[in-house]
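Prediction below, plus the sequence it came from.
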Amino acid sequence: MVVEENYPLALPPRPTRNAALQLAEGSARLLRAGRTALAGEEAHGHLFHFVPVFLGVGAVTWFSMAEPPGAIALFIMFGVLATVAWVVRYGRLFVAFGAFATTLFVAGMMLANAEAWREGTIILDTPVTTVVSGIVERREAGSRGEWRYVVRVTSTRDPQIRRPPERVSLLARGKHEPAPIGGYLSGRARLSPPSGPALPGLNDFAFASYFDGVGAVGFFLGPPQSQSRPYEGGAETWGLRFDRTLFSLRDDISTRIRSVIPGDPGAFAASIITGERRSMSKEATEALRLSGLAHITAISGLNMALAAGIFFVGLRKLLSLLPGLAHAVSIKKLAATGALVGAFTYLLISGYQVSAVRAFLMTAIMLMAVLFDRPAISLRNLALAAIVIVAVTPSAIMGPSFQMSFAATAALIAGYAAWRDRPARRWIPDFDFPGANALRWSWGVIAGTIMTSLIGGLSTAVFAIAHFHRLAPHSLEANLAAMPLISLIIMPAGLVAMLLMPFGLDTPFLVSMGVGLEWVLVIAREVSAWGEGVGFLQPPAWFLPVASLGLLFLTLLSSIWRHVGSLLLVIAGSALFSGATGVERADVLVSEDGRLVGLLKPPAIVATNRARPPSFIYDQWTAALQLKTHIAPDEIAVTAPQKTADGGRVKRTPVEVDTSVERMRQALADIEIGRFICESKTWCMARLTNGWIVATVEDGALVGKACDIADLVISERRTNFPGCLSGAVLMTAETLRRSGAIELRLGDRATRQFAVEASFSGPPRPWSQHRYYDWRSGKFQMASTPFTPGQNSPVVTSGGGTVSEMQPEATISDNGE
C-alpha cells in the first residue's frame, strides 16, 4: 500500500513584528541581564568597592566647579539624600544603589569643602623682594650644593608684606652654613606666588601649594643668615615640636646616607628611605623618568610593601626559631604587628608625604586583616584605604600620584585574581632532573615580574598620558631588569641599615645598597638611550574621566558590567590614536606673567618672543602640544636700556620713545610672517598669516604707542589705562594675573574678534583668590571679565559670549564671597 504525503510547496510567511516592539523587548532583556548581574555583584560585596569612587567623584566635582554650592546647601542636600537612601534601602536595587551613590557624591563634595576651609592657606598675591625671617621647618640638599628650605614666616621687612604667607619655600644657592631644622633663618629673598597652569587645563601648582600649606616660593638673593634665637611663632604646640624633632631625625638620616654613599646613588638611597629627592642630579632624574623607573624614587606602595613584607617575613622566620613561643601564640600575627610598627616608623622617617601616607594605609589595612584572619590582599582593603584618604585629604585625588597608585594596585589585585582563577596549565613540563625546581622557581619569578610590570604599566598609562603627555615605551624592559635588584638587594639592605644605624653598624649594608642603586642607574641610562618615549597631544577634557571610569568598571567588577569598562577605554583611546583632541589649535599662547608669548605654526612649530624661553613654562608647552621646532626672534642691535641702582629701568625721554616707535614701524615693513622681531627686551613685533599684528611690550612707556600699531598688545607690566583707544586688544599684567595663562584663536582682523580660553574663569576659588588681592587697598577686587577690549571691539570669550566694555569692579570679602 502506498501512502501519499502532501507537503506544502512553500512555508507560510512569518508574522512581521514591529521594530519598536523588538527594540523594547531587547531593551527589557538587557535591563534584566544588567539587573541580574548587578544583584550578583551586590551579593559578592563588589558594590562596596564603589564607595570611595562616589566620594572621590564628589570631591573632584567640587574642586572643578566654577561656583560650587556652599557648606549649608551641601549639608541640607546630604540630609535629604541620606534620608531618601535610608527609606529606599530595601527597595529596587537600581533605585537603592542610585540613592546611595548620590548621597556619597554629595558627601564627597562636603569633604572637599571642609578641607579647603580647614587649610585656609594664605597665598602671596604678587611677586615681591623683601627680607624674610622665620623658622626652618624642613630642608633638603640639592645636587649642586644648594639648599631648599621650608620656612615658617615670623616677619617681613623692607617692605613689610601686608598679607604675608604663613609658610614659604626658599632656595639658597649661595655658600652658607646650612640652617638646622628649628633654627632661625633670615635674608633678602625674591618671593612669588606658586605658578598657575602653563596652559589652560594643565597642572595648577598653586592648588597643590594651597593644600600643602605653602603660600609662596622663591630664592634668597645671597647667602641667608642663620641665627640661634628662641621660637618667635607664638606658643609652640606639641605638634610643631614633634614635627621639628621628626624632620631633624629625617635630615640626619639623609645626611648619613649621603656621607656613606656618594653621588647619585646616595641621593637615590635617600629618596627611597627619607623621600628627599632634590639631591639627585638632573641627568639621573631624567634617565629614571625616560626609562620608566622614576616611580622607585617615590615612597609609594612598592617601597612600603617591600619594607613591610621584608620585615614581616624576616620577623616571622626569627620567631619560628623559638618553638615554645611558636606553640603558645600565633607568630604570624606577632610578625604582622611588628611589620605594622616598622611600616609606621618608615612613614614617619619619610616625612609622611601624601604618597607615603596612602601606601601606609593600604599596607596597614592588609596587616590588620592578617591579625583578624581575613584575606590580606583584596579590593575591599584597597577600598577601605581609599575611603580613609578621600575622607582626610580629598584634594589628593586630583593629583597623578593618588590616581596612578590606586589604579596600579587595583589592576594588580584584579589581575592576580584572574590569574588565580584561570584554568590550570603547565607552561613548563614537569621535568625531574637536578635543578628542575630552581628552573621552575626562576620562571615563576620572571613571569611574575613581567606580568606585574605589564599590568602596572598599562593601568597607569592613562594617567601618564593625561598628566605628563608621554609614555616610556621601554619601561617593561627596565622594570624587568631593575626590580630583582630592588626586591632582593636594595630594600633588604636598606632595611637592615636603618635597624643598625643607631648602633653605627650600618656602613656595610648602605654600601651594598649603593652598589645595587648604581646598577639601577646603569639600567636607567641604557634604557633611556633607546628613545625619549612616545608623546601625546593634550587630550580633551573628557578623556581622563571616561578612561578612569573604564578602568574602574574593568577592575572592580566581575560580571558583564566589566565589559562596559572595555568599551569606555576603547572610546577614550580613540581620542588619542585618531589624533583628534576635539579642540581647535590655538594661534597665540600667553604665559600668566605675560613674559613669554608663542605663535603656533603647523605642524609643530612655535615662534616665541624669547631667544631662550623659560624652561619651566616652555617644557610644559612642548609636552602638551608636542612641539618639535622653536623659532627664536630676530634681534635689532641697539643700546640696551639703562637701569637704576636697584635694577629698575631709567625713565625714557620723549625722544627715545619716539625713536623706539619708529623702529617698531620699520620692523613691520620687513618682518618675516610668523616670527617675532625684538629690540633689547623692550618690545617685540610679529605679523601672522591672517594679518594680525602682535606686540609684546616690556617698557610701560611704549604700551600706548604699541596700541596704535598692533592689533593685540601684551604687556608684562600694569598700565594706568584700561584699554587701547585705537580698538586694539590690550592684555596687561593685571588682566593676565586674574585669567592665568591663555590660548587665543584669532578671527577676523577687521572686527578684531578672537576666542580666548583662560586658565581661570568665574569667581575665585580658595587657591586662586590671591589673584584678586590689591595690596594698595588691602582688599580683594573682583572684575567681571579678565580682558579689556577697546571701543567697538568685541571679544568672543571661550563661552561664546561677547564683551564690549570693562565692568566696574566689586569688592569681595577675604573669604572670596
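Arrived safely. Model, not experiment: these values are computed from the prediction. Numbers count the residues shown, from 1 in each chain.

who's in contact with the residue nearest to G700 when sequence neighbours are not counted?
Closest residue in space to G700, ignoring its immediate chain neighbours: R717 at 4.7 Å, by CB to CB, 6 or more residues apart in numbering. From N, CA and C alone the C-beta is placed, and that goes for glycine too. Taking CB atoms under 8 Å, 6 or more residues apart in numbering, we find R717 in contact with 697-700, 703, 732-733.

and P763, what are its phi and psi?
Dihedral angles of P763 (phi, psi; degrees, to the nearest 10) stand at phi -60, psi 150.

Which pLDDT does the model give it?
Looking at P763, its pLDDT stands at 86.

same question, F787
Looking at F787, the pLDDT reads 51.

Next: the one 3 residues further on.
With respect to pLDDT, G790 scores 37.

thinking again about what came up before, which one of the contacts of R717 is nearest to S759?
The closest of those to S759 turns out to be A733 (CB to CB; 15.0 Å).

which residues touch that closest one?
So A733 contacts 593-594, 715-718 (CB under 8 Å, 6+ apart).

in which helix or strand would I find R32?
In this structure, R32 sits in helix 19-43 according to DSSP states H and E.

Oops, could you answer that again for I455 instead?
Here I455 is assigned to helix 436-468, by DSSP H and E.

Give me the spatial nearest neighbour of L185, chain neighbours excluded.
Per CB to CB, 6+ apart, closest to L185 is A179, 4.5 Å.

pretty sure the one you found contacts P223?
No: A179 is not in contact with P223 according to CB atoms under 8 Å; the separation is 10.6 Å.

Between the two, tell me which one has more neighbours.
A179 (23 against 13; other CB atoms under 10 Å).

Just the local confidence number for the more buried one, please.
In this model, A179 is scored at 88, pLDDT.

where's it, which helix or strand?
Applying DSSP H and E, one finds A179 in no helix or strand.

which residues does it contact?
Contacts for A179 (CB under 8 Å, 6+ apart) come out as 136, 139, 147, 149, 185, 224, 226.

and whichever helix or strand the fourth one is part of, what other elements does it pack with?
By that I understand Y149. In this structure, Y149 sits in strand 147-157 according to DSSP H and E. If you count contacts as 3 or more CB pairs under 8 Å, 6 or more residues apart in numbering; DSSP states H and E, strand 147-157 packs onto strand 128-141, strand 167-172.

Tell me the buried residues in the shortest one?
Within strand 167-172, the residues that count as buried by 16 or more other CB atoms under 10 Å are 167-172.

Could you point out which of those is nearest to V341?
R167 (30.8 Å).

For the residue nearest to G399 when sequence neighbours are not counted, which three-state class applies?
Closest residue to G399 apart from its sequence neighbours, by CB to CB, 6+ apart: A208 at 6.9 Å. Three-state call for A208 (DSSP: H, G, I helix; E, B strand; the rest coil): helix.

doesn't F402 make contact with A208?
No: counting by CB under 8 Å, A208 does not reach F402; the two are 11.7 Å apart.

can you put the contacts of A733 in a markdown table and add pLDDT?
Compiled in a markdown table, these are given as follows (pLDDT from 0 to 100):
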| residue | pLDDT |
| --- | --- |
| D593 | 91 |
| G594 | 91 |
| S715 | 91 |
| E716 | 88 |
| R717 | 86 |
| R718 | 84 |
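
Out of those, who's the most crowded?
Going by other CB under 10 Å, S715 tops the contacts of A733 with 25 neighbours.

you'd agree that one is up against R595?
No: S715 is beyond contact range of R595, at 10.0 Å (criterion: CB under 8 Å).

Can you check which residues contact both of those two?
Shared contacts of S715 and R595, counting by CB under 8 Å, 6+ apart, come down to E698.

Which element, helix or strand, includes V756?
strand 754-758.

what do you get for M304?
helix 301-319.

If you count neighbours, what's buried in that helix?
Across helix 301-319, burial judged by 16+ other CB under 10 Å covers 301-312, 314-316, 319.

Please apply the same query to stretch 609-624.
609-610, 613, 617-618, 620-624.

Touching the helix holding R32 from outside, list them.
Identification of contacts with helix 19-43 by CB under 8 Å, 6+ apart yields 47, 93-94, 97, 557-561.

and those, which are buried?
Counted by 16+ other CB under 10 Å, the contacts of helix 19-43 give 47, 97, 557-559, 561 as buried.

Domain map for this structure?
37-119, 128-236, 543-577, 588-638+653-812 (automatic domain parsing).

Take these and lay them out in TSV including distance to V496.
Conversion of the domains of the chain to TSV gives the following (distance: least, CB to CB, whole Å):
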stretch	distance to V496
domain 37-119	36
domain 128-236	25
domain 543-577	35
domain 588-638+653-812	40
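
Mind checking these for the one nearest to F509?
Using CB to CB, the domains of the chain put domain 128-236 closest to F509, at 22.1 Å.

Quick check: phi and psi at the residue at minimal distance from the centre of the chain.
Nearest to the mean C-alpha position of the chain, by CA atoms, centre = their mean, lies G399 at 3.9 Å. Torsion angles at G399 (phi, psi; degrees, to the nearest 10) stand at phi -100, psi 160.

distance of it from T659?
Note on G399: its distance to T659, by CB to CB, to the nearest Å, is 51 Å.

The closest residue to A336 other than its chain neighbours - how many residues pack around it?
Excluding the flanking residues, the one nearest A336 by CB to CB, 6+ apart is V370, at 4.1 Å. By other CB under 10 Å, 19 other residues sit near V370.

among the domains of the chain, which gets the worst mean confidence?
domain 588-638+653-812 (a mean of 81).

What is the subsequent helix or strand relative to the host helix or strand of V341?
Per DSSP H and E, V341 falls inside helix 331-349. As assigned by DSSP H and E, the chain's next helix or strand after helix 331-349 is helix 354-371.

In that following helix, which residues are buried?
By neighbour count on 16+ other CB under 10 Å, the buried set for helix 354-371 is 354-370.

Show me what that helix is packed against.
When contacts are defined as 3+ CB pairs under 8 Å, 6+ apart, helix 354-371 packs onto helix 301-319, helix 331-349, helix 379-392, helix 400-420.

So what angle separates the directions of it and helix 301-319?
Orientation of helix 354-371 against helix 301-319 (axes from the mean of the first three to the mean of the last three CA atoms, to 10 degrees) gives an angle of 40 degrees.

so where do the helices sit in the stretch 451-600 of the chain?
Ranges of helices within the stretch 451-600 of the chain are 475-485, 491-500, 507-528, 543-556, 562-577, based on DSSP state H, counting those that start in this stretch.

Including mean neighbour count and distance to P764, could the ones you listed go into JSON lines?
Output for those, formatted as JSON lines (neighbours: other CB atoms under 10 Å; distance: least, CB to CB, whole Å):
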{"stretch": "helix 475-485", "mean neighbour count": "21", "distance to P764": "40"}
{"stretch": "helix 491-500", "mean neighbour count": "21", "distance to P764": "45"}
{"stretch": "helix 507-528", "mean neighbour count": "20", "distance to P764": "41"}
{"stretch": "helix 543-556", "mean neighbour count": "21", "distance to P764": "24"}
{"stretch": "helix 562-577", "mean neighbour count": "16", "distance to P764": "31"}
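
could I get the ones you listed as CSV with distance to T449?
Listed next are these as CSV, based on distance: least, CB to CB, whole Å:
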stretch, distance to T449
helix 475-485, 5
helix 491-500, 15
helix 507-528, 14
helix 543-556, 20
helix 562-577, 25
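
Out of the ones you listed, which gets nearest to A408?
Short answer: helix 543-556, nearest of these by CB to CB, at 10.2 Å.

May I see the buried residues of the helix holding R32?
Residues of helix 19-43 classed as buried: 37-38, 41 (neighbour count, 16+ other CB under 10 Å).

Would you mind checking which of the buried ones among the contacts of helix 19-43 is nearest to A270?
Using CB to CB, these come closest to A270 at L557, 41.2 Å.

so the closest one touches H46, yeah?
Yes: L557 is within contact range of H46, at 5.9 Å (criterion: CB under 8 Å).
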